[in-house]
Structure formats: structure tokens, C-alpha cells
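> Any chance you could fold what I've pasted below:
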Amino acid sequence: STFALVMSNFSAAPTGTESTTTATPNAANTSTSTSDANDLVAIVAATRPTVVTITADGVATNGLFNIPTTGVGSGIILTSDGYILTNRHVVANSRNLTVSLADGREFEATIVRIADDNDLALIKIDATGLTGATIGDSSVLKVGETTIAIGSPLGTYTETVTRGIVSGLDRDVTVTDEQT
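Take a look at the predicted model:
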């Protein structure tokens with residue numbers, strides 16, 4: 001799953017609105033606001049054009065046989081001229097890449113670089129006038145902040161949106177993959 005810190009103006013209590021906090025015995029504090037939901041909808045609408053679906057066609061070797069493979073993943077547009085950040089596992093061993101934009105247009109893509117030490121890759125499509133994501137500053141990220149992920153989990157559910165919280169910072173994650 002590709003992820004990036006994308007800037008937004010979302011906060012638990014937007015300026016000019018009030019949120020209600022309720023404390024009850026044996027329950028965590030909860031904060032709700034109609035503005036929160038409206039802010040999320042606005043953030044998703046503004047961010048959606050920067051999220052792409054990537055289809056990778058490749059070949060896997062099984063002994064003496066080459067088996068055609070297809071995988072689907074997500075990426076984010078970094079620049080208006082078509083540079084896209086994705087995961088290495090989405091594009092590794094691919095022969096052909098197709099990028100589908102939120103507006104329905106499709107482009108062939110080429111791999112610019114695949115990282116050796118993490119699960120990131122940079123690809124490029126031949127397009128101009130794209131909406132690039134606004135990348136945030138991870139040094140100001142705080143545990144407990146709201147996060148939103150938009151992508152194509154399992155390659156089936158394109159443009160899926162989920163909401164969560166930042167649960168921790170500066171953690172090493174070990175993947176049981178010889179390449180990461």
C-alpha cells in the first residue's frame with residue numbers, strides 16, 4: 001500500500017466550530033462534530049485526483065515455465081508532468097504498467113527508479129496538467145492525529161477510503177521479504 005503524508009487542514013475541532021467531548025466512567029473521551037464529517041468529505045474530494053490505480057503485467061518464473069501475472073496497486077501523483085510514487089512490490093518484475101487516473105484516463109507508465117532498501121518506486125506517465133499531491137512535513141506529525149488512506153486494496157476495491165489515527169512514530173518495521 002502506497003502512502004504519503006498529504007497536507008490537509010483537518011483537525012478534530014475546525015476553526016469556527018465546536019466539538020462535543022463526553023467523559024463517562026470506564027469509557028474513553030470521544031469527540032464528534034458534523035463539521036468533522038464534512039471536512040473528511042472535502043479532503044477526500046480534494047485529494048482524490050492525486051490518487052491513481054496501477055495495473056502491472058509481468059511474468060513469474062515457476063521452474064522451467066514463465067507464468068503471466070497481473071497485479072494492481074495504488075500510487076500518488078507527485079508532479080503535474082506525471083511522476084508517481086508507488087510501492088516497489090506493485091511494479092517489481094512488471095513488463096507493462098498502466099496507470100488509471102481518477103477521471104478515467106489511462107496511460108502507459110515507465111519505471112524511473114525502484115528503491116533497494118524500502119518498498120518505494122517512482123514511475124512516470126507521459127501527461128501534463130495533472131494535479132500533484134501536496135506532501136506534508138512528517139516531522140510535525142503527532143500520535144493521535146487523524147489519517148486518511150485512499151487506494152486500491154487487494155487490487156479490487158479501487159478508490160477506497162479509510163480513516164484511522166497515527167498510532168506511533170519512528171518505528172522500525174521488518175518485512176519478511178528478502179528485498180526489504
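
> hey, where'd the helices end up in the chain?
34-47, 88-91 (DSSP state H).

> which stretch in those helices is the model least sure about?
Sorting the helices of the chain by mean pLDDT places helix 34-47 lowest, at a mean of 80.

> from the middle of its chain, how far away would that one be?
Distance of helix 34-47 from the chain centroid (Cα atoms, centre = their mean, to the nearest Å) equals 17 Å.

> Please name every helix or strand in contact with it.
strand 146-151 (3 or more Cβ pairs under 8 Å, 6 or more residues apart in numbering; DSSP states H and E). (Glycine included, C-beta is placed from N, CA and C.)

> Show me what the strand it packs on is packed against.
helix 34-47, strand 65-77, strand 160-165.

> Can you list the buried residues in stretch 147-164?
Thr147, Ala149, Ile150, Gly151, Ser152, Gly155, Thr158 (16 or more other Cβ atoms under 10 Å).

> export that stretch as PDB, just CAs?
Extracted in PDB, the C-alpha atoms of stretch 147-164 (Å, rounded to 0.1, in the frame of the first residue of the first chain):
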ATOM      1  CA  THR A 147      -5.300   9.900   8.900                       C
ATOM      2  CA  ILE A 148      -7.000   9.100   5.700                       C
ATOM      3  CA  ALA A 149      -5.900   6.400   3.200                       C
ATOM      4  CA  ILE A 150      -7.200   6.300  -0.400                       C
ATOM      5  CA  GLY A 151      -6.200   3.500  -2.600                       C
ATOM      6  CA  SER A 152      -6.800   0.100  -4.200                       C
ATOM      7  CA  PRO A 153      -6.500  -2.500  -1.500                       C
ATOM      8  CA  LEU A 154      -6.200  -6.100  -2.900                       C
ATOM      9  CA  GLY A 155      -6.400  -4.600  -6.400                       C
ATOM     10  CA  THR A 156     -10.100  -4.900  -6.400                       C
ATOM     11  CA  TYR A 157     -11.600  -2.000  -4.400                       C
ATOM     12  CA  THR A 158     -10.300   1.000  -6.300                       C
ATOM     13  CA  GLU A 159     -10.700   4.400  -4.800                       C
ATOM     14  CA  THR A 160     -11.300   3.000  -1.300                       C
ATOM     15  CA  VAL A 161     -11.200   5.500   1.500                       C
ATOM     16  CA  THR A 162     -10.500   4.600   5.100                       C
ATOM     17  CA  ARG A 163      -9.900   6.700   8.200                       C
ATOM     18  CA  GLY A 164      -7.600   6.000  11.200                       C
END
